[in-house]
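J.: give me a model of this one.
(chains A, B, C and D)
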2 protein chains.
Amino acid sequence: MNSQKSFIPEIFKNVPLTKKEVVQIQGVFEKLTLKKGVTLLNVGELVEYQYYIQSGCLRTYFVEDSGKEHTVQFAIRDWWISDYTAFFSSSKAIMTIECLQDATIYKVSREDMENLYLEIPQLETFFRKKLEGAFSSFQKRILGSLSQTAKDRYTSFIATYPNIEMSVKNYHIASYLGITTESLSRIRREIAQN
Amino acid sequence: MNSQKSFIPEIFKNVPLTKKEVVQIQGVFEKLTLKKGVTLLNVGELVEYQYYIQSGCLRTYFVEDSGKEHTVQFAIRDWWISDYTAFFSSSKAIMTIECLQDATIYKVSREDMENLYLEIPQLETFFRKKLEGAFSSFQKRILGSLSQTAKDRYTSFIATYPNIEMSVKNYHIASYLGITTESLSRIRREIAQN
DNA sequence: CGCGACGTTGATTTGCCTCAACGATTGTGG
DNA sequence: CCACAATCGTTGAGGCAAATCAACGTCGCG
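T.: Numbers count the residues shown, from 1 in each chain, chains lettered A, B, ... in the order given. Got it, this is the predicted structure:
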């Protein structure tokens, strides 16, 4: 018997849930602790889970044939992460999820969530709104890549995600912005000089 | 009294709905016909609606301070369009929606849809899955912009959206791909020469 | 017909990449 | 606790893809 406060209200902040529902939801989540450097998901694996980050830092990245890495998403406290394209279609991962800082996370399967939606519709609303936010963020990122220089994208990035900048290496940021580490270094020098 | 077959089953394909529900949903949709060239939404306007395209072609675009246009989304038959970032947050448009080919569309407000979700949960599921698909498409687009050359992005575009290519001007495609019309022209020449 | 919209072509510039080498920092085994 | 290696970040030289600037062909339409 676990007397600790449930993590469920923390995950589903602002979603009204009965005690019974909290217990029910809790039943489909599984806690994991990860060490820096481990990969949570590898290319080719069936993607059945998404992950809620309680602490630590992870990233999802894609590797080109040429070997170049492209970071698609970072995730820190209170974010969700997966290879969502594969997760949504219950297919195989084309991306890798890597732990960048020791992390505590909770995993939940797509199937379990879909079943819960039928009984607790406000969970579906919760995830729909999360998706709406993520959709907007992606759109902003596309607009940025269409209209901004590398320097502007970097400046926006550190302004928007200061907590992520703290937690990751510069070459991770470069691979997120779509530039080389050398270019990022030169941009940082230029900014430092004012 | 309209004896025509309702357009609702066409919009919500594969969603099981009673006749009563169809009538109820129909009540919150409004039909519009648009002429080529008109703008459906202007920057600064409150975004209360999203639009289902029955026929025709539209695009959403963003204009930089410098005057450069960036096409964020095209929409043809059976697609939805809006300035979604503003739509989701019920705020003011930062983008313009323009009709590129004479169109017949149906508009519905965010508020009406949210109310319907409470009574007909399968509508929320329908839109959540649409969002999941759109999310994946955006992610693919971000990956493309990070890892592909302009030529590769153009080739992917015409392979993925042949029906859109038919309906729009080359400079619209260029503004979607994030390149100039001159560059697109040179890419097309290169491809034609094989 | 004549004008505006659209697409093409050429010359030049530029932002970022590539390749190569070299500091700085961190971690680890002796 | 130091020695050494690996990792990470920086700097420079040269190259390339796409932008910019400018001019011109072509098509469709009032």
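J.: can you map out the helices along chain A?
T.: Using DSSP state H, the helices of chain A run over A:8-11, A:19-26, A:84-88, A:110-119, A:121-147, A:150-160, A:162-167, A:170-177, A:181-193.
J.: out of those, the one nearest B:Gln193 is which?
T.: Of all the helices of chain A, the one in closest proximity to B:Gln193, counting by CB to CB, is helix A:121-147 (27.7 Å). Heads up, the C-betas are built off the backbone N, CA and C, glycines and all.
J.: dump the helices of chain A into TSV; add mean neighbour count and distance to A:Tyr61 as well.
T.: Output for the helices of chain A, formatted as TSV (neighbours: other CB atoms under 10 Å in any protein chain shown; distance: least, CB to CB, whole Å):
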stretch	mean neighbour count	distance to A:Tyr61
helix A:8-11	15	25
helix A:19-26	14	30
helix A:84-88	21	13
helix A:110-119	14	21
helix A:121-147	18	15
helix A:150-160	16	16
helix A:162-167	14	14
helix A:170-177	20	7
helix A:181-193	13	14
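J.: can I get the ones you listed in a markdown table with mean pLDDT?
T.: Formatted as a markdown table, these follow (pLDDT from 0 to 100):
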| stretch | mean pLDDT |
| --- | --- |
| helix A:8-11 | 96 |
| helix A:19-26 | 97 |
| helix A:84-88 | 98 |
| helix A:110-119 | 98 |
| helix A:121-147 | 96 |
| helix A:150-160 | 96 |
| helix A:162-167 | 93 |
| helix A:170-177 | 97 |
| helix A:181-193 | 94 |
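J.: check the residue nearest to A:Val108 when sequence neighbours are not counted and give its pLDDT.
T.: Using CB to CB, 6 or more residues apart in numbering or on different chains and skipping the chain neighbours, the partner closest in space to A:Val108 is A:Phe29 (5.1 Å). pLDDT recorded at A:Phe29 is 98.
J.: look up how far chain B lies from A:Phe29.
T.: Separation of A:Phe29 from chain B (CB to the nearest CB, to the nearest Å) stands at 20 Å.
J.: residues near that residue, how many?
T.: Here the count is done by other CB atoms under 10 Å in any protein chain shown, and A:Phe29 has 18 residues near it.
J.: any idea what A:Thr104 is bridged to?
T.: Beta bridges link A:Thr104 to A:Thr33, A:Ser55 when assigned by DSSP bridges.
J.: setting aside sequence neighbours, what's the nearest residue to A:Ser156?
T.: Nearest non-adjacent residue to A:Ser156 (CB to CB, 6+ apart): A:Gly144, at 6.4 Å.
J.: residues contacting that neighbour?
T.: Each residue near A:Gly144 by CB atoms under 8 Å, 6 or more residues apart in numbering or on different chains is listed here: A:152-153, A:156.
J.: show me what from chain A comes close to DNA strand D.
T.: A:169-171, A:181-182, A:184-186, A:188-189 (CB under 7 Å from any atom of the strand).
J.: which ones among those come in contact with chain B?
T.: Among those, no residue is within reach of chain B (CB under 8 Å from any CB of the partner chain).
J.: adding distance to A:Ser90, write those out as CSV.
T.: Shown next, in CSV, are the residues of chain A next to DNA strand D (distance: CB to CB, whole Å):
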residue, distance to A:Ser90
A:Lys169, 32
A:Asn170, 35
A:Tyr171, 32
A:Thr181, 36
A:Glu182, 40
A:Leu184, 36
A:Ser185, 41
A:Arg186, 43
A:Arg188, 41
A:Arg189, 46
